[in-house]
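Asks: build me a structure from this.
(2 chains, ligands or ions: 2)
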Amino acid sequence: MASEPLDSVTVDHARSASPVRSPTVAAGIDPAQRDRWRWFQRGLPYISVLVFLGVWQVVGDHIDPILLATPVNTAKAFWDLLTSGQLGPAFGSAMADLGIGYGLAVVVGVVVGILMGRSRTAERVLNPYVNFFQATPLIALVPLIVIWFGVGLEARVAVTFMLAIWSIIINTATGVKETPDALIDVGRVYKLSRLQLVSRVALPHAVPSIFAGLRIALGKALIGMVIAQMEVSVSGLGGLIINYGNAFKTAYLLAAVFTASLVGMIAAALLEVLRRWWFPWTTNDDRNLW
Amino acid sequence: MTAMGGARIEISGVGKRYAQRRNSAHVVLQDITLTIESGEFVSLVGASGCGKTTLLRMISGLAPYYPGTISIDGQVVRGVPKRVGFVFQDAALLPWKTVSGNVAVGLNEVRGSYTRQEIAGIVEEKLALVGLSEHAHKYPRQLSGGQRQRAGLARALVGEPELLLMDEPFGALDAFTRLRLQEELADIVERLRTTTVFVTHDVEEAVFLSDRVVAMGANPGTVRDVVDVDLPRPRTSREAALNSARGIELRENILQLVMGTHTDRVAH
Ligand SMILES: Nc1ncnc2c1ncn2[C@@H]1O[C@H](COP(=O)(O)OP(=O)(O)OP(=O)(O)O)[C@@H](O)[C@H]1O
Ligand SMILES: [Mg+2]
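Replies: Ligands and ions are numbered 1, 2, ... in the order given. Predicted coordinates:
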């Protein structure tokens, strides 16, 4: 009698798992045509970009180059910046500012987040500040940071750090706090110490949430880094952008902007690689063979 | 490292309530008194929601704050007692550890007395016991429900505990695996004399494995009756034990008791 509901559940599963035929197959479209369609779908992003560049080139050829540089001219400017030795150091300084500011934000943010996630007291004490800074347009604080830290590396790092840290704190605290009681029970039954309950249960549980926070924070850190290089000390990629902007050399400005987005893409890819490498269990990439 | 003779549990006058809404409480367990002797195998049967899981969590020290006392070997339970193996109802595997990693967690308490190789060996042995050797390197999300449950079982057994608390450990298994693991478990407890509290909805399983079966009533959860399962041990053949005249009689009795608790609950 007790096993009756169990059996009926099994039957339900079997029914719902019956193969669903894909609508394309059902419609009886010929396979070659379907393959072509699939390749077209895959190529769409590239086609989209090529069309965009083409339109941009045609439009750019017909208007004042100060308003809009053409893709070809932007590429030339990029090459010029690269070979004249301006781009390399600017790229390096952008990576350095980002690396230090964001790196510090990760370390401090995760530690504070764990504290807030595990301790009610810490959460109550720190919550007002986290909420305040999360709601404040932090760029408005850049002048204050200049007053405190001057106009050098420290100030640029501080701006980057300040923009990045809040998302990291919030996501870490959330992930830690939402550790299922059942998993904490497991840790307690098998005699993990209080510290181990954090390091071996709550923290691993929070990893996916932390990485989501790291992604958001990376975007904010990039903004902080470029703003700092434009406004705090005219240097690096932000420096190139503002200098060429002021000189109305739009092609060079755009080349620097694209380099900044390259910095962002490299950093995001690095983050993704680290996640897959250190936390393989967060990726569900089991091969479905057939 | 064999723990001969398990823990002795004394539960006296224990209750449990959960806050429900403002100013109201839901009484889950009321005035539970029960002594489980060292090395005894006791099953808890009763309607869903009658407080079986809650009682296991209280015995294991996971759910403190209640009227009455629970003591293990004469010591009042404060925190998790030593050498407990707990099979959780929903397996509760750590998603970031592989199956063998999860099973090794069960050795955490006695880790100091083994080398790495020994630990790997013991884990492997228990995985073989529950038939998961081929899945040792998978993550929990890559397992079926029954495989997860078996991994949880291996984790509870691996430290050779003095007290084994099992919350519907065979609930999600197919009939064949279920019978095999029942026999393995009967063998293990007869060999090690580990005190075991076992929650199940399966009367045959309870009769085959137990020294006593506790039938619980619901709303609030109480001990309704305790049935002595006086079938001879070792119970080498499950069929013979269950189909002996006494076996049939016991199954009938317990079934009646369980049905009673169910109708009771509906009548409420
Ligand atoms: N944390 C909690 N807060 C409030 N109520 C709870 C909590 N945990 C359990 N309960 C209640 O206590 C009662 C008993 O729950 P318990 O899990 O012990 O039942 P059970 O006998 O194990 O049932 P099942 O056979 O379905 O597993 C249920 O009515 C449940 O709603
Ligand atoms: Mg339960």
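Asks: switch to C-alpha atoms for all contacts and neighbour counts from now on
Replies: Fine.
Asks: quick check: end-to-end length of stretch B:102-116?
Replies: 15 Å (Cα to Cα, to the nearest Å).
Asks: ok, and what's touching it?
Replies: Outside stretch B:102-116, the residues within contact range by Cα atoms under 8 Å, 6 or more residues apart in numbering or on different chains are A:190-192, B:83, B:85, B:93-94, B:119-120, B:123, B:151-152, B:154-159.
Asks: buried ones only from those residues, please, as a PyMOL command.
Replies: This is the PyMOL syntax for the buried subset of the contacts of stretch B:102-116, where burial follows 16 or more other Cα atoms under 10 Å in any protein chain shown:
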select buried, (chain A and resi 190+191+192) or (chain B and resi 83+85+93+94+119+123+151+152+154+155+156+157+158+159)
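Asks: can you tell me which of the contacts of stretch B:102-116 are in helices?
Replies: B:119, B:120, B:123, B:151, B:152, B:154, B:155, B:156, B:157 (DSSP state H).
Asks: as a markdown table, those residues with pLDDT and distance to ligand 1 would be great.
Replies: Putting the ones in helices among the contacts of stretch B:102-116 into a markdown table (pLDDT from 0 to 100; distance: Cα to the nearest ligand atom, whole Å) gives the following:
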| residue | pLDDT | distance to ligand 1 |
| --- | --- | --- |
| B:119 | 94 | 32 |
| B:120 | 95 | 33 |
| B:123 | 96 | 28 |
| B:151 | 96 | 19 |
| B:152 | 95 | 16 |
| B:154 | 95 | 20 |
| B:155 | 97 | 20 |
| B:156 | 96 | 18 |
| B:157 | 94 | 21 |
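Asks: return the member of these nearest to residue A:140.
Replies: Among the ones in helices among the contacts of stretch B:102-116, residue B:152 lies closest to residue A:140 (Cα to Cα), at 53.5 Å.
Asks: would you mark the buried spots in stretch A:71-85?
Replies: Using 16+ other Cα under 10 Å as the test for burial, stretch A:71-85 gives A:71, A:73, A:74, A:75, A:77, A:78, A:81.
Asks: among those residues, which ones are in helices?
Replies: Among those, the ones falling in helices (DSSP H) are A:71, A:73, A:74, A:75, A:77, A:78, A:81.
Asks: surely residue B:132 meets residue B:147?
Replies: Yes: here residue B:132 reaches residue B:147: they are 7.3 Å apart, a contact under Cα atoms under 8 Å.
Asks: got phi/psi on residue A:283?
Replies: Per-residue torsions, residue A:283: phi -110, psi 130 (degrees, to the nearest 10).
Asks: residues of the stretch 51-200 of chain B that sit close to chain A?
Replies: Contacts of the stretch 51-200 of chain B with chain A, taken as Cα under 8 Å from any Cα of the partner chain, map to B:60, B:62, B:80, B:84-86, B:92-97, B:105-109, B:139.
Asks: just the buried ones from the residues you listed, in PyMOL syntax?
Replies: Buried subset of these, written as a PyMOL selection, criterion 16+ other Cα under 10 Å:
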select buried, chain B and resi 60+62+80+84+85+86+92+93+94+95+96+97+105+106+107+108+109+139
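Asks: nearest to ligand 1: which residue in the stretch 51-200 of chain A?
Replies: When scored by Cα to the nearest ligand atom, the stretch 51-200 of chain A has residue A:181 as its residue closest to ligand 1, at 9.4 Å.
Asks: just give me the residue right at the centre of chain A.
Replies: When Cα atoms, centre = their mean is applied to chain A, the residue found nearest the centroid is residue A:215 (2.7 Å).
Asks: where does it land in three-state SS?
Replies: Here residue A:215 takes the helix state, with states given by DSSP: H, G, I helix; E, B strand; the rest coil.
Asks: for it, give its distance to residue A:202.
Replies: With distances taken as Cα to Cα, residue A:215 is found 20 Å from residue A:202.
Asks: also residue B:49?
Replies: From residue B:49 to residue A:202 the distance is 28 Å (Cα to Cα).
Asks: repeat for residue A:236
Replies: Separation of residue A:236 from residue A:202 (Cα to Cα) stands at 40 Å.
Asks: could you report the neighbour count for the closest residue to the residue nearest to the centre of chain A other than its chain neighbours?
Replies: Nearest-residue entry for residue A:215: residue A:268, 7.1 Å, with adjacent residues in sequence omitted and distances by Cα to Cα, 6 or more residues apart in numbering or on different chains. Using other Cα atoms under 10 Å in any protein chain shown, the number of residues around residue A:268 comes to 16.
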